[in-house]
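K.L.:
Any chance you could fold what I've pasted below:
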Amino acid sequence: MHRLIVALLSSVDAVIAAAVGIAATLAPLTLLWVFGFGGGADWGLLWPSAVSVWQLGNLVPLAVTLPPDYLAATGIDAGAASFVLSLAPLAFAAFTVIFAARSGARASHADAWLTGVLTSSAVFALLTTGAALTGANDVARAETWQAILVPTLLFAVPAVVAAIVTEWSEAGTGAIARLRDRVEAAPHGWGEVPALVARGMAVVVAGLVGVGAAVAAVALFVRAGQIVALFQAGDVDPIGATVITLAQLAYVPTLAVWGMSFVAGPGFAVGTGTAVSPAGTQVGVVPGLPMLGAVPESTTSWLLLLALLPVALGALAGWIARSRMLHAGAPGNDSAASGDHAHTAEDPIAARLVVTAGIALLSGAAAAFLAGAASGSLGPGRLAEFGPDAGPVALAVGFEVLLGAAILLLSPRAAARGRSAAHDVAPAPAVVDREPADEEAHPEPPEAAAFAAVAAFTARRGGATPEADAGAQRPSPPVTSEATTEPIELPRWAPPGA
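P.N.:
Numbers count the residues shown, from 1 in each chain. Model prediction:
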């Protein structure tokens, strides 16, 4: 495809990624303005409000300063009028990342990945800059450089990664394809190491997010009564209930990451000095947000068994990597070794060590990024700490995945040991007494052998010639059950002198 067309299509991808994210906020705010405030609302506040929510969803922290009129009307203490809002609704960030990765993969399929990624990233940066400059307001202020840089990186990095991965796996020409060919030509299994590490890390991260989402769904179902009670205690009208519901839907991916950190062991916080983990729960007074009703008041030590799930995911990643390494080193493949070292080439221990460590390290790093994105501040005072701590989550996930991957990747194979022993101890040569293969294929019946022996004995007693003896010793045709023979009189023994 022509590079100009690729650039245009990539630009369209960037425009859609930014426009859909902002429109997803602007549309419900517009409905709220129409049905909630009527003609007395200031329509000029719609765009800054939508931009601020979109920036927060794309990991941009906001410095919130409540106006004095609002403080007087609500009775909020002036000391709580200013705070940092940084707990992101990750639904916006997830949409940006997924759409950017899709755009990068499409550019790679069009054989112009660099052009597509650079164009889409530049267009998205321009749109982000325009939104940051036009959406600035005094209530929720974001640093200009953060409002531009953070969303741009959130789009550009997944686009680059997806394009490079697609080039590595599918491209036939180009710089990345040549590098891939050189790497895959490395002997003793080293050529498969980069792809196996990336594949194993993807399996673990996808599994962790899925497990975290399942745990969050179970908590929401079990604690549904408490969530409904918090909705009723809020005493909001239908419009307010709709706004709260939509806001909480945007935080569903955030809850999935909280569930992931709970499964891993370190857990998460719902305020300063609180902790929710399988080892124990200490929450105290939490905000009256309905979604926080899913937080359990107490836990049981049996929930520590959930830590086996990351171990199982590591084992699954190790099994996938080990299978592909054995397939790459199997006899008949170009990468397979020959001669006396065939069994060692199929199972290279050094490459398996690197794959195991790489999967654990990258999985821990990805878990740390997710934990950092799903944590932040939700208000002043005790609300300044929400979500998991990235450091403990990274250590826990890395160790658990390392344990599971090592079980499958570093354990010896019985089949390999058997082949090695069979190679070292040669079988003893067999002694073959029989004549050639025709006789082995069609063995002589025992009845025929007995008949031939009796016939030879009779011929000798009757004075047969040597030629007849030789003819009698030749194999006779098989005797069936219907064959008849004449009686043979055997010589009788007589005593001496009879």
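K.L.:
Can you tell me the element the residue nearest the centre of the chain falls in?
P.N.:
When CA atoms, centre = their mean is applied to the chain, the residue found nearest the centroid is V203 (1.1 Å). Element membership of V203, judged by DSSP states H and E, is helix 193-222.
K.L.:
returning to that earlier point: state the distance from the residue nearest to the centre of the chain to E170.
P.N.:
V203 sits 19 Å away from E170, going by CB to CB, to the nearest Å. To be clear about C-beta, it is placed using only N, CA and C from the backbone, and glycine gets the same treatment.
K.L.:
where does this structure have low pLDDT?
P.N.:
1, 38-41, 188-189, 327-347, 413-498 (pLDDT under 70).
K.L.:
Kindly report the domain assignment for it.
P.N.:
3-184, 190-411, 444-471 (automatic domain parsing).
K.L.:
And for the closest residue in space to S49 that isn't next to it in sequence, the neighbour number?
P.N.:
Excluding its sequence neighbours, the residue lying closest to S49 (CB to CB, 6 or more residues apart in numbering) is L29, at 5.7 Å. For L29, the count of nearby residues is 18 (other CB atoms under 10 Å).
K.L.:
these two touch, right, L29 and A50?
P.N.:
Yes - look at L29 against A50 with CB atoms under 8 Å: they come within range, at 5.6 Å.
K.L.:
and D389, backbone torsions?
P.N.:
According to degrees, to the nearest 10, the main-chain angles of D389 amount to phi -90, psi 130.
K.L.:
Could you do G44 as well?
P.N.:
The phi/psi pair for G44 (degrees, to the nearest 10) is phi -70, psi -10.
K.L.:
Next up, identify which helix or strand the residue nearest to G391 when sequence neighbours are not counted is on.
P.N.:
Distances taken as CB to CB, 6+ apart put A368 closest to G391, at 7.1 Å, once the chain neighbours are dropped. Using DSSP H and E, A368 maps to helix 349-373.
K.L.:
following that helix, which helix or strand comes up?
P.N.:
Next element after helix 349-373 (DSSP H and E): strand 386-387.
K.L.:
what's that next one packed up against?
P.N.:
When contacts are defined as 3 or more CB pairs under 8 Å, 6 or more residues apart in numbering; DSSP states H and E, strand 386-387 packs onto helix 252-264, strand 269-270.
K.L.:
The shortest one pairs with which strands, and in what direction?
P.N.:
Note on strand 269-270: by DSSP bridges, its sheet partners are strand 386-387 (antiparallel).
K.L.:
after the partner strand, next one along is what?
P.N.:
Next helix or strand after strand 386-387 toward the C-terminus (DSSP H and E): helix 390-409.
K.L.:
what sits against the closest residue to A360 other than its chain neighbours?
P.N.:
The shortest distance from A360 to any non-neighbouring residue, by CB to CB, 6+ apart, is to L402 (3.7 Å). L402 sits next to 314, 356-357, 359-360 when contact means CB atoms under 8 Å, 6 or more residues apart in numbering.
K.L.:
change it to 10 Å
P.N.:
When contacts are counted by CB atoms under 10 Å, 6 or more residues apart in numbering, L402 touches 310-311, 314, 318, 356-357, 359-361, 363-364.
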